[in-house]
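Student: next comes the sequence, and after it the predicted model I'd like to discuss.
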Amino acid sequence: MVDRKGRVFGLINVFDLAVVVIMIALVAGVAYRLAFMGPGAERGAEQRPVRVTLLVEDVRQPTVDTIRVGQVVRDHDNNAVFGTIVAMHVRPAERTVATADGRLVSAQVPEMFDIILELDGTASVSRDAIVIARKETRIGTQVRLRTQTLFVLTVVTGIALR
C-alpha cells in the first residue's frame, strides 16, 4: 500500500494525504455548523411573530420624510428581512447639556429628530436567544437597517413576542 518513497498506492505522499483529509474534515465541520447550529438553530427553537421597538437618534428631516409605515426594512449586514414598520413616532431630539453655572439641563437639538419605530417581524425563539434576521437580538442591541433609499443605525428598546 505504501511504497519506498512514502506514497500511498504510488500516487500521493502520506503527509500530503493527511493534510487533505484534515482539510476535508474542517470544511465538513464548518458546513455542518453553519447549516445546523447557526443562530436560532438550537434544539427547541420555534418561529414566532414579534414586535420590536427601535430608537433612531439624531436624524435630519429628510430621513424622517423617507421612513413610512408599511415599509419593509432589512438588516444592512446580511440583507435578511428584519420586519415591517407598523408605527412611527417622531420627536425633537433632546440632549443633556451643562449650563454656564454647572447645572445639567435638557435642551432640544435644532433641526434634529429622534424616531421611535415599531416593527412586526418573525423571530426564531429558543431558550437562550431571540434571533431576528439571522442575528441574536436583545434590548440594547445596535441594529443597522436599510431600505432601497435609507440607512439608519438603531438601538433595540423593546421586544414583545406575540
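Tutor: Done, it's in.
Student: which residues in this structure form helices?
Tutor: Under the criterion DSSP state H, helices of the chain are mapped to 14-36, 61-66.
Student: and of the ones you listed, who's closest to residue 114?
Tutor: Ranking these by proximity to residue 114 (C-beta to C-beta) places helix 61-66 first, at 9.8 Å. For glycine as for every other residue, the C-beta is placed from the backbone atoms N, C-alpha and C.
Student: quick check: mean pLDDT across stretch 34-43?
Tutor: Averaging pLDDT along stretch 34-43 yields 57.
Student: let me redo that: stretch 96-106
Tutor: 92.
Student: about what we covered before: with distance to residue 83 as added columns, please give the helices of the chain in TSV.
Tutor: Conversion of the helices of the chain to TSV gives the following (distance: least, C-beta to C-beta, whole Å):
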stretch	distance to residue 83
helix 14-36	24
helix 61-66	17
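Student: other SSEs contacting the longest strand anywhere in the chain?
Tutor: Taking DSSP state E as the criterion, the chain has its longest strand at strand 104-125. Contacts defined by 3 or more C-beta pairs under 8 Å, 6 or more residues apart in numbering; DSSP states H and E place strand 104-125 against strand 46-59, helix 61-66, strand 81-98, strand 130-132, strand 151-161.
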